[in-house]
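J.: model the structure of this input:
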Amino acid sequence: MHPVHVTVTNIDFNSSNKTFDISMKLFLDDFQNVILKNYQVELNLGKPNELKNADNYILNYIKDNIKITINNNKPSQKKLNFERKEINEGALWLYFTYQLSNKIETIQVENNLLNDYYPDMTNLVIMKYNQIENGYTLDKHTTSFKIPS
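T.: Numbering: from 1, shown residues only. This is a model prediction of the structure:
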C-alpha cells in the first residue's frame with residue numbers, strides 16, 4: 001500500500017504518423033485492484049499465471065476512462081490502439097497510439113483513471129502538441145481539459 005494515489009499520462013503528438021503517442025504510469029496494485037473491483041477478475045500481471053486475455057481488460061478499462069475528443073466530435077475509442085505494457089518496480093506502464101484523421105482545431109482529454117477506486121485520486125496529464133508542452137492536474141471533480149490547436 002502507498003499513501004499517494006496518482007497516475008501520470010503523457011500524450012505526445014507524432015506529426016510523421018499523425019498519431020498521439022500515449023504512455024501511462026500507474027501503480028500496479030492500484031490498477032489490478034480496480035480491475036478486480038470492476039470486472040471481478042485477477043490479472044496477475046507479470047506473474048507466471050497472468051490472465052491470458054489480460055490485455056483485453058486493460059484496453060477496455062482504458063477506453064472507458066480515457067477519452068480524446070477532436071474538434072468537438074464524439075470521442076472515437078476505436079482509434080485508441082494498445083501497443084504494449086511493461087512492469088517496473090511496482091509501476092505499470094501502458095503504451096497506446098491514437099490515430100488522427102482530421103485537421104485538429106480543438107483537443108479535449110478526459111481522464112477518469114482510478115477515480116472510481118480512490119476518492120483522492122490525482123491524474124497528471126502532460127500533453128505535447130505543436131512544440132508546446134503543458135501539464136494538467138485532474139481529479140474526480142475536474143476530469144478533463146480542452147485546448148485549441
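J.: mind listing the residues bridging to residue 93?
T.: residue 25, residue 86 (DSSP bridges).
J.: let me fix that, I meant to ask about residue 127.
T.: residue 11, residue 134.
J.: and it, what's its pLDDT?
T.: Here, the pLDDT recorded for residue 127 equals 97.
J.: please report the distance of it from residue 27.
T.: 22 Å (C-beta to C-beta, to the nearest Å). Any C-beta I mention is one placed from the backbone N, CA and C, and that applies to glycine too.
J.: host element of the closest residue to residue 84 other than its chain neighbours?
T.: Nearest non-adjacent residue to residue 84, counting by C-beta to C-beta, 6 or more residues apart in numbering: residue 95, 5.1 Å away. Using DSSP states H and E, residue 95 falls within strand 91-99.
J.: counting contacts, what elements does that strand pack onto?
T.: The contact analysis (3 or more C-beta pairs under 8 Å, 6 or more residues apart in numbering; DSSP states H and E) places strand 91-99 against strand 19-27, helix 28-39, helix 54-65, strand 80-88.
J.: what angle separates it from helix 54-65?
T.: Angle of strand 91-99 versus helix 54-65, following axes from the mean of the first three to the mean of the last three C-alpha atoms, to 10 degrees, is 70 degrees.
J.: show the subsequent helix or strand relative to strand 91-99.
T.: strand 106-111.
J.: tell me how many other residues crowd residue 53.
T.: 11 (other C-beta atoms under 10 Å).
J.: distance check, it against residue 41.
T.: Taking C-beta to C-beta, one finds residue 53 at 9 Å from residue 41.
J.: low-confidence ranges in the chain?
T.: 1, 149 (pLDDT under 70).
J.: residues making contact with stretch 81-95?
T.: 21-29, 31, 45-46, 55, 58-59, 62, 96-99 (C-beta atoms under 8 Å, 6 or more residues apart in numbering).
J.: ChimeraX command for the buried members of those residues?
T.: Restricted to buried positions by 16 or more other C-beta atoms under 10 Å, the ChimeraX selection for these reads:
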select :21,22,23,24,25,26,27,28,31,45,55,58,59,62,96,97,98
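J.: tell me which residue of this structure is furthest from the middle?
T.: residue 48 (25.3 Å; C-alpha atoms, centre = their mean).
J.: gap between it and residue 6?
T.: For residue 48 relative to residue 6 (C-beta to C-beta), the value is 29 Å.
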